[in-house]
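**Q** Task: produce atomic coordinates for the following.
(2 chains)
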There are 2 protein chains.
Amino acid sequence: MKCLLVVAHGSRRAESNEEIKRLTEKVALLCADQFDRVECAYLELADPLIPDAIQSLADRGATSVLVVPYFLARGAHVASDIPEQVAIAQASVPSVEVTVSDYFGAATEVPALIVQIANAAHGGAGQ
Amino acid sequence: MKCLLVVAHGSRRAESNEEIKRLTEKVALLCADQFDRVECAYLELADPLIPDAIQSLADRGATSVLVVPYFLARGAHVASDIPEQVAIAQASVPSVEVTVSDYFGAATEVPALIVQIANAAHGGAGQ
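**A** Residues are numbered from 1 along each chain as shown, chains lettered A, B, ... in the order given. Model (predicted):
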């Protein structure tokens, strides 16, 4: 059972965490043929935390978990904290293949997406 | 003179702020025909801050500044802090049309981009 885990920072604001859940539902719909299960987890401040989410997927039969860090910059969270939490999880479920993708902000499509947002706002302002 | 200002959170890590500068340079290349000047600013922790950046653009002849919040979720930064800083800036340069676009994470393309990142990692892992 192949699983995808979208990992966000986590917020004290429930709305922000809910936004990640809704985003994850959209992701799940888009890749239902590649991943059997798509869920989200948080680095801190919200549940489930990364190790708990991976353990839960393992308990439900995950054979692999691909973690996608939904972060914009290669800060300490991406460089150290997420790998650390993933390693903790991996140690408790050694038979599950846990990997971490590149972080979201590193995608080459990001600059073009910013331009698109700018153009939409620009057009919307009636220029 | 139409300007685009990419606003990121700002980090204590110089590398993260540099990453935003490099991203902004890529954005500038992509929309050179729509915006005369494309720069970045930070909400906190790094220079230039939003009001300083907008003032600087105004000093150099900006007639409009479109602020694009490079944030993933509609948290307090997007909902309150950025509009507040933009309002402060606007008050000091009333003749410049300062507007704020939707935040980055709201773009409808985001879920598909996450799937793309996941597929790239998945393929790379030799599924």
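**Q** Now do the SS call for residue A:3.
**A** For residue A:3, the assignment made with DSSP: H, G, I helix; E, B strand; the rest coil gives strand.
**Q** bridging residues for it?
**A** In this entry, residue A:3 is beta-bridged to residue A:37, residue A:65, by DSSP bridges.
**Q** doesn't residue A:38 make contact with it?
**A** Yes - Residue A:3 lies in contact with residue A:38 (Cβ atoms under 8 Å); the separation is 7.2 Å. Glycine gets a C-beta too; all of them are placed from N, C-alpha and C.
**Q** Quickly list what's touching both of those two.
**A** Here residue A:3 and residue A:38 have no joint contacts, going by Cβ atoms under 8 Å, 6 or more residues apart in numbering or on different chains.
**Q** Residue A:99 belongs to a helix?
**A** No - under the criterion used here (three-state DSSP), residue A:99 is strand, not part of a helix.
**Q** Distance of it relative to residue A:28?
**A** Shown here: residue A:99 relative to residue A:28, a distance of 18 Å by Cβ to Cβ, to the nearest Å.
**Q** what about those two, which has more around it?
**A** Using other Cβ atoms under 10 Å in any protein chain shown, the more surrounded residue of residue A:99 and residue A:28 is residue A:28, with 18 against 15.
**Q** Just give me the neighbour total for residue A:69.
**A** Residue A:69, neighbours per other Cβ under 10 Å, totals 27.
**Q** got the residue ranges for the strands in chain A?
**A** A:2-8, A:37-42, A:64-69, A:97-100 (DSSP state E).
**Q** who touches residue A:116 in this structure?
**A** Contacts here follow Cβ under 8 Å, 6+ apart; on that basis residue A:116 touches B:107, B:109.
**Q** Can you find the helix or strand of chain A with the lowest average pLDDT?
**A** Least confident helix or strand of chain A, by mean pLDDT, DSSP states H and E, is helix A:76 with a mean of 86.
**Q** Leaving out the residues flanking it, which one is nearest to residue A:50?
**A** Counting by Cβ to Cβ, 6 or more residues apart in numbering or on different chains, residue A:50 lies nearest to residue A:85, which is 4.0 Å off, once chain neighbours are set aside.
**Q** how deep is that neighbour tucked in, by neighbour count?
**A** If we define neighbours as other Cβ under 10 Å, then residue A:85 has 23 of them.
**Q** just residue A:108 next, same as before
**A** Burial of residue A:108 is recorded as 8 neighbouring residues (other Cβ under 10 Å).
**Q** And for residue A:32?
**A** Neighbour count of residue A:32, defined by other Cβ under 10 Å: 11.
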